[in-house]
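> what shape does this take:
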Amino acid sequence: MKYRFIEKHKHLFAVRTMWRVLHVSVSGYYGWTLRPESKRSKESRNLTEAIKTIHQEHHETYSSPRIAEMLQHKGCRCSRSRTARLMRVLGIRARTARRFKVITNSKHHEPIAPNLLRQNFSVEMPNEVWRSDITYLRTDSGWGTT
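Numbers count the residues shown, from 1 in each chain. As a prediction, the model looks like this:
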């Protein structure tokens with residue numbers, strides 16, 4: 001972590017100063033920079049790209065179990081916990097569906113309106129039967145009906 005920080009911020013601060021402040025040895029830092037990337041690190045980099053792709057393809061709704069399953073179907077060996085950790089590092093979260101909000105009050109004591117038409121919608125002359133419907137509109141001041 002310290003070496004990565006130094007590498008990332010060497011254009012802002014003097015490297016010698018960062019070595020001293022972070023208590024890092026010169027040989028340790030240069031040993032880290034010359035060391036080849038590990039196999040696991042390469043796999044993680046490839047997995048993060050695959051995770052980002054799957055997450056975007058499925059409109060950001062898949063969480064770690066589903067993404068891990070998709071990765072396994074593609075032939076990547078990756079556990080659910082590793083997928084969750086990589087998603088956490090990337091700051092990726094699944095979007096959750098909003099809870100259905102019930103706005104109908106069924107516990108009232110008003111009588112139910114009679115069914116005058118009895119599902120017979122055929123009429124013989126104009127203005128014999130009228131039907132209507134209401135539409136709920138959300139406004140800045142609350143819900144309104146038309």
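> got the buried residues for the strand or helix carrying Ala50?
Using DSSP states H and E, Ala50 falls within helix 39-57. Going by neighbour count (16 or more other Cβ atoms under 10 Å), the buried part of helix 39-57 is Ser44, Leu47, Ala50, Ile51, Ile54, His55. Placement of C-beta: from N, CA and C, glycine included.
> adding pLDDT, write those residues out as JSON lines.
JSON lines is the format used below for these (pLDDT from 0 to 100):
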{"residue": "Ser44", "pLDDT": "92"}
{"residue": "Leu47", "pLDDT": "94"}
{"residue": "Ala50", "pLDDT": "95"}
{"residue": "Ile51", "pLDDT": "95"}
{"residue": "Ile54", "pLDDT": "94"}
{"residue": "His55", "pLDDT": "95"}
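> closest one of those to Glu69?
Ile54 (9.9 Å; Cβ to Cβ).
> got the contact list for that closest one?
Tyr62, Ile67, Met70, Leu71 (Cβ atoms under 8 Å, 6 or more residues apart in numbering).
> so which of those comes closest to Gly142?
For the contacts of Ile54, the nearest to Gly142 is Tyr62 (35.2 Å; Cβ to Cβ).
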